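**Q** Sequence below, structure please.
(2 chains)
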Amino acid sequence: DAGVIQSPRHEVTEMGQEVTLRCKPISGHNSLFWYRQTMMRGLELLIYFNNNVPIDDSGMPEDRFSAKMPNASFSTLKIQPSEPRDSAVYFCATRQVTEAFFGQGTRLTVV
Amino acid sequence: RKEVEQDPGPFNVPEGATVAFNCTYSNSASQSFFWYRQDCRKEPKLLMSVYSSGNEDGRFTAQLNRASQYISLLIRDSKLSDSATYLCVVNTYNTNAGKSTFGDGTTLTVKP
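**A** Numbering: from 1, shown residues only, chains lettered A, B, ... in the order given. Down below sits the predicted model:
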């Protein structure tokens, strides 16, 4: 298995633009997590899904953020409109039973 | 209060030193525990699971104290390659699924 695949690896965008981050989980993993990591706030859980259903989105910072998981093979995290304070590394992680496996992350810079 | 709290560090130690990291969690319903390692500009990767009886993997020893809601990681004979950020992870399950909550990490630098 290729592991958790995230795209793009890097994204630079202007403030106000829509940003879509993508994640392909490891086949057979039924839980998917979106995290955001910054120096100031560490690794924050934004939202997680189980069997494609959002379970807890209490970590989503505001309405500008939305996440979907239309099927077991794909998830997106969308920011609309983006702001400079959204600049961070966004990780997707998936899990079958206990430990989570991470993708390589998307480094987002909003200018 | 954060759900998972760690010593912020940084820890700067010489090669060969023994170093210990601590982590506390607030949810007594938490059921599984891990230590992850994250290298600079990389994703976190599983270092080891933490079992109630304590477990060892080479130079690394992890312990869990459920009564005190406390997890520890001990690194013996530290190597330069151990330099990284170590993240404590706690899984808490509800009727649907479990979430994995990470501590902010403790940064270790091992110096020659």
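
**Q** got the contact list for the residue lying closest to B:Phe33 once chain neighbours are set aside?
**A** Excluding the flanking residues, the one nearest B:Phe33 by C-beta to C-beta, 6 or more residues apart in numbering or on different chains is B:Val50, at 4.0 Å. All C-beta atoms are positioned from the backbone trio N, CA, C, and that covers glycine. Shown in contact with B:Val50 (C-beta atoms under 8 Å, 6 or more residues apart in numbering or on different chains): B:Phe33, B:Phe34, B:Trp35, B:Ala62, B:Gln63, B:Leu64, B:Ile71.

**Q** What about those residues, which are in strands?
**A** If you go by DSSP state E, these have B:Phe33, B:Phe34, B:Trp35, B:Ala62, B:Gln63, B:Leu64, B:Ile71 in strands.

**Q** and the first one, what are its bridge partners?
**A** With DSSP bridges applied, B:Phe33 shows beta-bridge pairing to B:Val50, B:Val90.

**Q** And the last one, by the same measure?
**A** Residues found in beta-bridge contact with B:Ile71 (criterion: DSSP bridges) are B:Cys23, B:Leu64.

**Q** burial measure for it, as a count.
**A** By the criterion of other C-beta atoms under 10 Å in any protein chain shown, B:Ile71 has 26 neighbours.

**Q** Kindly report the same for A:Asn30.
**A** Count around A:Asn30 with other C-beta under 10 Å applied: 15.

**Q** Please name the residues that touch it.
**A** A:Asn50, A:Asn51, A:Ala72, A:Arg95, A:Gln96, B:Ala97.

**Q** Where does pLDDT dip in chain B?
**A** B:94-97 (pLDDT under 70).

**Q** That one: strands as residue ranges?
**A** Using DSSP E, the strands assigned to chain B run over residues B:4-6, B:11-14, B:19-25, B:32-38, B:45-50, B:55-57, B:60-65, B:70-75, B:84-93, B:98-102, B:106-111.

**Q** what about stretch B:9-16, distance to the chain center?
**A** The chain centre lies 15 Å from the centre of stretch B:9-16; the measure is C-alpha atoms, centre = their mean, to the nearest Å.

**Q** how about it: buried residues?
**A** B:Gly9, B:Phe11, B:Val13 (16 or more other C-beta atoms under 10 Å in any protein chain shown).

**Q** Tell me which of the strands of chain B lies nearest to A:Leu43.
**A** strand B:98-102 (4.4 Å; C-beta to C-beta).

**Q** what does chain A have sitting close to chain B?
**A** Counting by C-beta under 8 Å from any C-beta of the partner chain, chain A comes close to chain B at A:30-31, A:33, A:35, A:42-43, A:45, A:48, A:50-51, A:53, A:55-56, A:91, A:93, A:95, A:98-105.

**Q** measure A:Glu14 to A:Phe65 for me?
**A** 18 Å (C-beta to C-beta, to the nearest Å).
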